[in-house]
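In: next come a sequence and a model predicted from it.
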Amino acid sequence: DAKTTQPTSMDCAEGRAANLPCNHSTISGNEYVYWYRQIHSQGPQYIIHGLKNNETNEMASLIITEDRKSSTLILPHATLRDTAVYYCIVRVGPVGDYKLSFGAGTTVTVRA
Amino acid sequence: DAGVIQSPRHEVTEMGQEVTLRCKPISGHNSLFWYRQTMMRGLELLIYFNNNVPIDDSGMPEDRFSAKMPNASFSTLKIQPSEPRDSAVYFCASTQQGLAKNIQYFGAGTRLSVL
């Protein structure tokens, strides 16, 4: 199973872009990268996912390197409510039998 | 849809007592996951079901833990007898397997304290 490596913590200024890196050097060709976040005392929340193309939705953008060994989650305009633990996960399992393995994540603190 | 619904939100019990946690997945989802979160071990997958059938229970810590899914709209996680080290937040999640997107939606969790 592909494992991910993320920084333990990072700070970000409110209104600025937050760039969260993730390494997944052992990822296989058909494994997706998922990002979730967990705001204090809440259940994890899906943010975005991708395979090899860059993705964007209303919450964030995901940039995956061409060799797929790393990715970056971008929160374009961080707000105080974006303070959370962010998890980068490689989805594993055969089709129809997927599961997620959560690591320690990155604790992001957005400061005013 | 109201999302994944877990009950109770908080449970305080004494060591040795039986504890039952409940989960109602999102309607139409065919996979359900039980996770446990502690400071020491983070978020761990305990067991998951596809179409009400347990697929992988390798994360269940020991025989004191059991999970059932009698139908597509209800699952329970039971701890009997409970011990202080079972204190944690237990999350339930559901998804529609077979879709490329395959997003897991989590409930608000049950915070369990075993005294």
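Out: Arrived safely. Residues are numbered from 1 along each chain as shown, chains lettered A, B, ... in the order given.
In: shaky segments in chain B?
Out: In the predicted model, chain B carries pLDDT under 70 at residues B:1, B:100.
In: and the strands in it?
Out: Applying DSSP state E to chain B gives strands spanning B:5-7, B:10-13, B:19-24, B:31-38, B:42-50, B:53-56, B:65-71, B:74-79, B:88-95, B:105-106, B:110-114.
In: now chain A
Out: Assignment of strands within chain A using DSSP E yields the ranges A:9-13, A:18-23, A:33-38, A:45-50, A:55-56, A:61-64, A:70-75, A:84-90, A:106-111.
In: compare these and give me the one nearest chain B.
Out: strand A:45-50 (4.7 Å; CB to the nearest CB). Using the backbone N, CA and C atoms, a C-beta is placed for each residue, glycine as well.
In: anything in the closest one near chain B?
Out: Yes: for strand A:45-50, a contact with chain B is found by CB under 8 Å from any CB of the partner chain, at A:Q45, A:Y46, A:H49.
In: the first one against A:Q38, yeah?
Out: In other words, A:Q45. Yes: between A:Q45 and A:Q38 there is a contact at 7.0 Å, judged by CB atoms under 8 Å.
In: more neighbours: which of the two?
Out: Neighbours per residue (other CB atoms under 10 Å in any protein chain shown) separate A:Q45 from A:Q38, with A:Q38 holding more: 20 against 16.
In: the more buried one bridge partners, please.
Out: A:V85 (DSSP bridges).
In: surely it and A:I89 touch.
Out: No: using CB under 8 Å as the test, A:Q38 is too far from A:I89 to be in contact (11.9 Å).
In: the closest residue to B:N71 other than its chain neighbours: neighbour count?
Out: Counting by CB to CB, 6 or more residues apart in numbering or on different chains, B:N71 lies nearest to B:N52, which is 6.5 Å off, once chain neighbours are set aside. B:N52 has 16 neighbouring residues, counting by other CB under 10 Å.
In: ok, B:N52 - contacts?
Out: B:M69, B:P70, B:N71, B:A72 (CB atoms under 8 Å, 6 or more residues apart in numbering or on different chains).
In: all set, thanks.
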